[in-house]
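Asks: quick one, fold the following:
(one chain, ligands or ions: 1)
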Amino acid sequence: MSETARMILDGQEYEFPVITGSENEKAIDISKLRGSTGYITMDPGFKNTGSTQSGITYLDGENGVLRYRGYAIEDLAEKASFIEVAYLLIYGDLPNKEQLEYFSDSVTRHTIVHENMKRFFDAFPLGAHPMGMLSSMVASLSTFYPESQNPNRDITDIDLTIHRLIAKLPTLAAQAYKHNVGLPTMYPKNNLSYVGNFMHMMWGVPAEDYEIDPIVESALNKLFILHADHEQNCSTSTVRVVGSSQANLYSSVSAGVSALWGPLHGGANQAVIEMLEAIRAEGSPLQSWIDRAKDKTDSFRLMGFGHRVYKNFDPRARIIKKAADEVLGQLGVNDPVLEIAKQLEEVALNDEYFVQRGLYPNVDFYSGIIYRALGIPTDMFTVMFALGRLPGWIGQWKEMTENREPIGRPRQVYVGATNRAFTGLDAR
Ligand code: CMC
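Replies: Next comes the predicted model:
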C-alpha cells in the first residue's frame, strides 16, 4: 500500500500522497492542497519545500554525502576530468570514448566568441566586476544565436546551444578578467584541454608563449568538479525558474550567474578572503571576530561557515582543505591567510554557538586560498565558481525542460491594506 499523509483542517481530514526518492527521501505531495482545502503552505526560503523530482545530484546533509548521478564526489574529484563530469551531469552517464571525443571536439570548435562582443567589453568601465560583465555577456549570447530562442526546444538546437555555452564561458570569463585589468585578450587555442585553454586565455599575453603548469591545471580541474552541481541551490533554482517560462538557456544561465554572485551564495569565496585579510590587517584576536559573528545586533557573519543543507560537514570543504595544503606545498606558496583560516576554523569548531547550530566550514572557506595561490585575483573567485557550476545549471535546465515542468510561480499570503476608497489629492 502506498504511503499517505493525513491532515486535519477545520475538522475535516484530507489525504496527500507521499513521494519516496531512490535514496528513501520522503516528501508529502501537496500539489493538490489549495484545490481541495483552499490553504497554501508557508515556507520562506523554501527550507522544507521540494520544487522538483531530480535524478542529477544526491545530497545527504546530515552525513556529508554528495553524488553526481550516483558517483561519489570524492571519486570524481580524484579521477575524472571536468569535461567528463560535465557530460555526466548533462546527459546522465559517464561518456564512453567516442562520446567523450565527440563532446570535447564539439565544445572545442565553439570556443571563439563573436568579435562584436569585444565592443560590449569596451563599454564597461575599467575595473568593472567580472561577475557583472559575465552575466551580461552570457545573456547577450542569445542575440547572436537566435535559434536558442526556439520555445519548441528542438533537440539539435538545444545540444548546439549547450555546447556553445560550455565552450564560450571560459573565453568570456578570461575576457572579463583581461578587461578588468586592462590587458589584451587572447584567442582560444584549440589544441589545449578545456581547463588548459582557460588558463592560456586568462594568463597568456600575445608577446609570449604561455606554458601550462600541470599543477595549476589539475587543481582547477578538481575545483571545477567540486563546484559542478549542488541540486536545488539558489542559483540553480533561479536557472530552473527562469527556464520554466521557456526563456532560452543563455538567459536562464545569465540569471543563475547573477544569483551566484551574492555573498551568501557563490560570492562567499570572495567575502571569505576579504574577511581573512581584514582579520590579518587588524591583528585583533580571533575571538573578537567570533563574538561579532554571534552577536545578533551585528550584521557580521563568519563567511564560509554554515550551509542550508550540510549540518555536519561539507564533503567538498574536506577535499578542498586537503587540496589547499597540497597545492600551496607544490607551488611553494606560503600564505599567512591559510594559517589564519585554520586557526579561525579551530576556534569556531570548539565554540558552543557554532556547534549547536551545525555551522561548519563550507566549500567557499578554503577555495579562495587555492585560487589566490594559483594567481587568480579576488574578484574573479566567483567567476571560477560559475565556470564550475555551468554543467549543473545546464543539466538542471535540461531536466526541467524535458520533464515539461510547469512555470515556477509561488503564492503568497497578503498582509497589506484591505480595500480602501481612493481619495483625491486635496483630501489627502
Ligand atoms: N556566522 C554566524 N552565524 C551564522 C552563520 C555564520 N556564517 N550562518 C548561520 N548562522 C546562524 C544564524 O544567525 C542562525 O542563528 P539563530 O538560529 O540563532 O537565528 C542559524 O545559524 C541558522 O542560520 P540561517 O541563516 O537560518 O541558515 P540558512 O540555512 O538560512 O543560511 C547560509 C545558510 C549559508 C546562507 C548561512 O549559513 C550563511 O550566511 N553563511 C555565510 C555565507 C556563506 O558562507 N555562504 C556560502 C554557502 S556554501 C556555497 C554556496 O552555497 O554557494
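Asks: any idea which helix or strand comes after the host helix or strand of Arg372?
Replies: Element membership for Arg372 (DSSP states H and E) is helix 363-373. Counting by DSSP H and E, the next helix or strand C-terminal to helix 363-373 is helix 381-402.
Asks: tell me the angle that next one makes with helix 363-373.
Replies: Inter-element angle recorded for helix 381-402 and helix 363-373: 130 degrees (by axes from the mean of the first three to the mean of the last three CA atoms, to 10 degrees).
Asks: now for the residue in the chain that the ligand sits nearest to, how many residues are close by?
Replies: The ligand sits closest to Gly306 of the chain, with a gap of 2.3 Å, by CB to the nearest ligand atom. Heads up, the C-betas are built off the backbone N, CA and C, glycines and all. For Gly306, the count of nearby residues is 20 (other CB atoms under 10 Å).
Asks: now the one 4 residues further on
Replies: Using other CB under 10 Å, Tyr310 has 25 neighbouring residues.
Asks: contacts only, for the nearest residue to it once chain neighbours are set aside.
Replies: Sequence neighbours aside, Gly61 is the residue nearest to Tyr310 in space, at 4.7 Å (criterion: CB to CB, 6 or more residues apart in numbering). Gly61 makes contact with 307, 309-312, according to CB atoms under 8 Å, 6 or more residues apart in numbering.
Asks: ok, Phe198 touching Leu390?
Replies: No: using CB atoms under 8 Å as the test, Phe198 is too far from Leu390 to be in contact (11.8 Å).
Asks: what about these two, which has more around it?
Replies: Taking neighbours as other CB under 10 Å, Phe198 and Leu390 compare with Leu390 leading, 28 against 24.
Asks: I figured that one hits His163, correct?
Replies: No: Leu390 sits out of contact with His163 when judged by CB under 8 Å, with a separation of 11.9 Å.
Asks: could you list the contact residues of the stretch 51-200 of the chain toward the ligand?
Replies: Within the stretch 51-200 of the chain, no position lies close to the ligand (CB under 6 Å from any ligand atom).
Asks: all helices of the stretch 51-200 of the chain, in order?
Replies: 73-79, 82-91, 97-109, 116-123, 130-144, 155-181, 194-203 (DSSP state H, counting those that start in this stretch).
Asks: off-centre distance for the last one?
Replies: Looking back up the chat, that one is helix 194-203. 20 Å (CA atoms, centre = their mean, to the nearest Å).
Asks: following the chain past it, name the next helix or strand.
Replies: helix 214-227.
Asks: buried set for that next one?
Replies: 216-227 (16 or more other CB atoms under 10 Å).
Asks: still on that earlier bit, state the distance from the residue of the chain closest to the ligand to Ile8.
Replies: As judged by CB to CB, to the nearest Å, Gly306 and Ile8 stand 36 Å apart.
Asks: again, but for Pro406
Replies: 28 Å.
Asks: so what's the residue of the chain closest to the ligand closest to, chain neighbours aside?
Replies: Leu359 (4.4 Å).
Asks: tell me the secondary structure at that neighbour.
Replies: coil (DSSP: H, G, I helix; E, B strand; the rest coil).
Asks: distance of it from Tyr310?
Replies: In terms of CB to CB, Leu359 sits 10 Å off from Tyr310.
Asks: if we can go back for a sec, and the helix holding Arg372, C-alpha only, in CSV?
Replies: Output of helix 363-373 as CSV, limited to C-alpha atoms (Å, rounded to 0.1, in the frame of the first residue of the first chain):
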residue,chain,number,x,y,z
VAL,A,363,33.1,24.9,0.1
ASP,A,364,34.0,28.6,0.0
PHE,A,365,36.1,28.7,3.1
TYR,A,366,39.2,27.2,1.6
SER,A,367,38.6,27.6,-2.2
GLY,A,368,39.7,31.2,-2.2
ILE,A,369,43.0,30.3,-0.6
ILE,A,370,43.8,27.9,-3.5
TYR,A,371,42.6,30.5,-6.1
ARG,A,372,45.0,33.0,-4.5
ALA,A,373,47.8,30.6,-4.7
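Asks: next, the angle from it to helix 214-227.
Replies: Using the same axes, to 10 degrees: helix 363-373 against helix 214-227 is 160 degrees.
Asks: who does helix 363-373 touch, helix- and strand-wise?
Replies: helix 214-227, helix 268-282, helix 315-331, helix 336-349, helix 381-402 (3 or more CB pairs under 8 Å, 6 or more residues apart in numbering; DSSP states H and E).
Asks: packing partners for the fourth one?
Replies: Right, the one you point to is helix 336-349. So helix 336-349, by 3+ CB pairs under 8 Å, 6+ apart, packs with helix 268-282, helix 286-294, helix 363-373.
Asks: quick check, Ile212 in contact with Gly196.
Replies: Yes: counting by CB under 8 Å, Ile212 touches Gly196, with 4.7 Å between them.
Asks: low pLDDT regions in the protein?
Replies: Across the chain, the ranges flagged by pLDDT under 70 are 1, 151-155.
Asks: and the helices and strands packed on helix 336-349 as a markdown table, adding mean neighbour count and distance to the ligand?
Replies: Output for those, formatted as a markdown table (neighbours: other CB atoms under 10 Å; distance: least, CB to the nearest ligand atom, whole Å):
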| stretch | mean neighbour count | distance to the ligand |
| --- | --- | --- |
| helix 268-282 | 19 | 4 |
| helix 286-294 | 16 | 4 |
| helix 363-373 | 26 | 5 |
